[in-house]
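Engineer: sequence first, then the predicted structure, then my questions.
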Amino acid sequence: MVSSFLLKLDHSNNYHVRRHREAIEIHKHVDNFNRKEETTKMNKIWLSVLKNSKIKIVDGNQHSEGRAQLMTNKGYGIRGDTLIDIGSGPSIYQLLSACESFREIIVTDFLEQNRVEIRKWLEKDPEAFDWTSMVKYTCQMEGDREKWMEKEEKLRRTIKQVLPCDVTLANPLDPLVLQPVDCVFSSYCLESACNDVPTYRSAVKNVGSLVKPGGHLIFAVILEETYYMVGPHKFNCLYLTPEIVTDAVKGAGFEVLWSQALGFTFPLAICDAKDTFFIVAKKPSKSQ
Ligand SMILES: C[S@@+](CC[C@H](N)C(=O)[O-])C[C@H]1O[C@@H](n2cnc3c(N)ncnc32)[C@H](O)[C@@H]1O
């Protein structure tokens with residue numbers, strides 16, 4: 001009875017219902033990446049993904065280091081005062097390099113559960129997720145693995161706000177109105193937030209409106225995915241191609257500086273995604 005009710009929620013067309021359903025599953029399943037028990041090891045299921053990727057996996061804790069390496073922001077010389085991360089989830093790994101290039105970072109998410117997890121990490125709550133192995137690995141890639149404690153402190157100091165956000169709103173940070181910022185970053189958020197391409201295109205515009213003229217927009221995107229699993233439950237995802245993403249970014253008034261698909265394949269037991277795609281774009285300055 002309960003499980004058929006939950007199954008109905010999994011396939012609900014209502015986005016909010018599905019997000020809350022997902023949060024329940026993430027909490028329940030110990031083999032999910034988001035769990036504390038999985039802190040130092042990534043689920044083995046990701047190994048085949050990493051093996052086939054163009055990204056080199058170095059020695060050591062291959063599972064989590066591989067994921068950290070994928071997510072590390074290589075920079076592209078993009079710096080500034082403020083970066084907003086849209087749809088941060090309960091995660092901070094995606095910001096470990098960014099805190100070297102921005103004076104302040106604002107993290108955001110739709111779900112309060114995720115914002116609570118981030119606050120726990122910021123406040124060093126004993127219940128917080130332990131990101132140590134990813135922090136160490138990022139430091140190793142940046143040249144000094146031993147600096148991981150300094151890095152954690154630096155990121156804690158740099159994250160100034162944890163805010164609610166909804167990419168489907170014209171101002172995703174509504175009711176807050178912020179001055180446009182130097183950089184907006186978002187990984188794997190819009191494709192799970194939008195049910196169709198027109199909604200995706202307007203979400204890209206909404207998020208892009210937070211960038212100031214001359215500032216940058218960076219997306220990490222899952223390609224050609226229609227579902228992903230959390231425990232035994234299947235969730236829908238918007239099917240995107242590099243062309244759809246690039247067109248949406250250009251349609252939001254940005255000039256694309258760089259984009260690349262990384263060459264991943266994913267086990268169907270996790271999802272049916274075909275690859276991961278990164279895109280870096282610039283909003284023309286007023287004088288251009
Ligand atoms: C796949 S997770 C990605 C999390 C993180 N960025 C990462 O790279 O691991 C997608 C996130 O988008 C958030 N999200 C979904 N819909 C959203 C919306 N309408 N506005 C803002 N965030 C949303 C979800 O709560 C979830 O945390």
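Structural biologist: Happy to help now that I have it.
Engineer: in which helix or strand does residue 156 reside?
Structural biologist: Using DSSP states H and E, residue 156 maps to helix 148-158.
Engineer: how far away is residue 287 from the ligand?
Structural biologist: Using C-beta to the nearest ligand atom, to the nearest Å, we find residue 287 at a distance of 32 Å from the ligand. Where C-beta positions appear, they are placed from N, C-alpha and C, glycine not excepted.
Engineer: what about that residue, neighbour count?
Structural biologist: Neighbour count of residue 287, defined by other C-beta atoms under 10 Å: 6.
Engineer: try residue 209
Structural biologist: Neighbours around residue 209, by other C-beta under 10 Å: 15.
Engineer: I'd say it and residue 170 touch.
Structural biologist: Yes - using C-beta atoms under 8 Å, residue 209 is in contact with residue 170, at 7.3 Å.
Engineer: quick one: average confidence on the helix holding residue 156?
Structural biologist: Averaging pLDDT along helix 148-158 gives 97.
Engineer: what residues does the stretch 151-288 of the chain put near the ligand?
Structural biologist: Neighbours of the ligand within the stretch 151-288 of the chain, by C-beta under 6 Å from any ligand atom: 165-168, 187-189, 192-193.
Engineer: and those as CSV, adding neighbour count, pLDDT and distance to residue 230?
Structural biologist: Shown next, in CSV, are those (neighbours: other C-beta atoms under 10 Å; pLDDT from 0 to 100; distance: C-beta to C-beta, whole Å):
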residue, neighbour count, pLDDT, distance to residue 230
165, 28, 98, 21
166, 19, 97, 21
167, 23, 98, 20
168, 16, 97, 22
187, 24, 93, 17
188, 21, 92, 13
189, 24, 95, 16
192, 21, 90, 11
193, 24, 94, 16
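Engineer: on that earlier part again, after the helix holding residue 156, next one along is what?
Structural biologist: Assignment by DSSP H and E places the next element after helix 148-158 at strand 159-164.
Engineer: sheet-wise, list the partners of that following strand with their directions.
Structural biologist: strand 102-109 (parallel) (DSSP bridges).
Engineer: list the buried ones in the next helix or strand along the chain from the partner strand?
Structural biologist: Downstream of strand 102-109, the next assigned helix or strand under DSSP H and E is helix 112-122. Buried residues in helix 112-122, counted by 16 or more other C-beta atoms under 10 Å: 113-115, 117-118, 121-122.
Engineer: could you pull out the helices in this structure for me?
Structural biologist: 2-10, 15-28, 47-51, 62-71, 112-122, 132-142, 148-158, 190-193, 197-208, 242-251 (DSSP state H).
Engineer: in terms of mean pLDDT, which of the ones you listed ranks lowest?
Structural biologist: Among those, helix 62-71 scores lowest, with a mean of 39.
Engineer: as JSON lines, the residues of the stretch 151-288 of the chain next to the ligand with distance to residue 175 would be great.
Structural biologist: Output for these, formatted as JSON lines (distance: C-beta to C-beta, whole Å):
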{"residue": "165", "distance to residue 175": "12"}
{"residue": "166", "distance to residue 175": "11"}
{"residue": "167", "distance to residue 175": "16"}
{"residue": "168", "distance to residue 175": "15"}
{"residue": "187", "distance to residue 175": "25"}
{"residue": "188", "distance to residue 175": "26"}
{"residue": "189", "distance to residue 175": "20"}
{"residue": "192", "distance to residue 175": "24"}
{"residue": "193", "distance to residue 175": "19"}
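Engineer: what's the closest of the residues you listed to residue 176?
Structural biologist: residue 165 (9.4 Å; C-beta to C-beta).
Engineer: my read: that closest one touches residue 86, true?
Structural biologist: Yes - taking contacts as C-beta under 8 Å, residue 165 lies within contact range of residue 86: 6.1 Å.
Engineer: need the residues touching each of the two.
Structural biologist: Common contacts of residue 165 and residue 86 (C-beta atoms under 8 Å, 6 or more residues apart in numbering): 108, 172.
Engineer: show me the two of the buried residues of helix 112-122 that sit farthest apart.
Structural biologist: So, these by C-beta to C-beta: farthest apart are 113 and 122, at 15.4 Å.
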